[in-house]
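> give the three-dimensional model of this entry:
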Amino acid sequence: MSDNSSLPVLGILKKTPRVQLPRYESEGAAGLDLRAFLDEPLIIPPLGRRRVPTGLMLEIPRGFEGQVRPRSGLAFRQGITVLNAPGTIDSDYRGELEVLLINLGAEPFTVHDGDRIAQLVIAPVCRASVVEKYTLSETGRGAGGFGSTGM
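Numbering: from 1, shown residues only. Next comes the predicted model:
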């Protein structure tokens, strides 16, 4: 059994009592499964995108972020993914968590209340000090990008 005392604490406020808290679905899961919070089913047409509410407001500790990522099964079977993956939730955001889903499949996809739609990974953030420069250091790669290091 692991000691949870050193883990960051993710505070969660539920919009209503019927909202399900996110949870890790396996011992080694990196992400907490997020569920849709809907009054009625939501249809996402092929190439359509929709904001799907979760009914959750988060209190992410300072120095961390929430990363909203796709669920691999939905992506593989139905072509449903998170459009801005990974979506970032800043530690100072207190509004309702909504997931931006896109349907890259050929058929309309229906999201029902309580469906697992995405996963949430809590990750440390390193903020940088920004310094304007007039020249940059030389590297072997230089300005090569988009495949410049080979296959």
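
> number of nearby residues for the residue lying closest to Leu47 once chain neighbours are set aside?
Spatially, and ignoring its direct neighbours in sequence, Leu47 is nearest to Asn103 (6.6 Å; CB to CB, 6 or more residues apart in numbering). Yep, even glycine has a C-beta here, placed from its N, CA and C like the rest. Using other CB atoms under 10 Å, Asn103 is surrounded by 23 other residues.

> tell me the confidence at Asn103?
With respect to pLDDT, Asn103 has a value of 98.

> got the contact list for it?
The neighbourhood of Asn103, defined by CB atoms under 8 Å, 6 or more residues apart in numbering, consists of Ile44, Pro45, Pro46, Leu47, Gly48, Arg49, Gln78, Gly79, Ile80, Phe109.

> now Arg49. Nearest residue, chain neighbours left out?
Ile102 (4.3 Å).

> which residues touch that neighbour?
Contacts of Ile102 by CB under 8 Å, 6+ apart are Ile44, Leu47, Gly48, Arg49, Ile80, Thr81, Val82, Leu83.

> all helices for this structure, in order.
With DSSP state H, the ranges of helices along the chain come out as 72-78.

> which parts of it are strands?
Taking DSSP state E, the strands of the chain run over residues 11-14, 32-35, 42-44, 49-59, 64-69, 80-82, 87-89, 96-103, 109-111, 116-124.
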